[in-house]
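[1] Please work out how this folds:
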Amino acid sequence: MTKIPSFINSQARNKLVIHDKEVFGLEYLDVGRSLANKIKSITSDTRLGMKSINLIEEIFSDAKKESDLYGRYLAIYNLGILFENDLKIDFIHLLTKYSFTETLFVKWEGEIEDGILYFLTKEKGQKIDIKNLSHIVI
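    Okay, the predicted model is just below:
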């Protein structure tokens, strides 16, 4: 885990840390549970996509933490809800935005290969190209 502080202290444009196991000392946000609780009363609203983006901003803003080792960060997991078509969420934009201002830790539930994230599996999952984002995979 010594790679993380070195990466965070570098001059990287984005500070995105992708990992498959929880990093000790971080407080994680369960995105699926948090967002589902917020949108359950508006699922039939025609502006669900727009409203969900505002709700994500609120949830993420409230979940930012401070650590002596990692500085200001946001640690997230259980991201499946972000890939729901009805929510119209631009996942790359989300990663870019939140890894630009603080360190974004993403506990990834899928496969990772050569700067490509595959949500769930490589064969049947959603493909997300993060090659243009400064990141490390641990």
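
[2] which residues of the protein fall in helices?
    3-8, 31-39, 48-63, 91-101 (DSSP state H).

[3] Centre-most residue in this structure?
    Nearest to the mean C-alpha position of the chain, by Cα atoms, centre = their mean, lies Val106 at 4.8 Å.

[4] Now Arg13. Nearest residue, chain neighbours left out?
    Once flanking residues are discounted, Arg13 sits nearest to Ser134: 5.1 Å by Cβ to Cβ, 6 or more residues apart in numbering. In this view, the C-beta of every residue, glycine as well, is placed from N, C-alpha and C.

[5] From what I see, the one you found and Ala12 are in contact.
    Yes: counting by Cβ atoms under 8 Å, Ala12 is a contact partner of Ser134 at 3.5 Å.

[6] roughly how far apart are the residue nearest to the centre of the chain and Lys88?
    According to Cβ to Cβ, to the nearest Å, Val106 stands 20 Å off from Lys88.

[7] how deep is the residue nearest to Arg13 tucked in, by neighbour count?
    Using other Cβ atoms under 10 Å, Ser134 is surrounded by 15 other residues.

[8] Could you do Asn85 as well?
    Counted with other Cβ under 10 Å, residues neighbouring Asn85 total 7.

[9] where in this protein is pLDDT low?
    1-2, 43-45, 49 (pLDDT under 70).

[10] Show me which strand runs longest in it.
    Selection of the longest strand in the chain by residue count, based on DSSP state E, yields strand 71-77.

[11] Parallel or antiparallel, which strands does that strand pair with?
    Strand 71-77 sits in its sheet next to strand 28-30 (parallel), strand 65-67 (antiparallel), strand 103-107 (parallel), going by DSSP bridges.

[12] Run the angle between the last one and helix 48-63 for me.
    With axes from the mean of the first three to the mean of the last three Cα atoms, to 10 degrees defining the directions, strand 103-107 sits at 110 degrees from helix 48-63.

[13] contacts for strand 103-107?
    If you take Cβ atoms under 8 Å, 6 or more residues apart in numbering as the criterion, strand 103-107 is touched by 8, 14-23, 26, 28, 70-77, 79, 95, 98.
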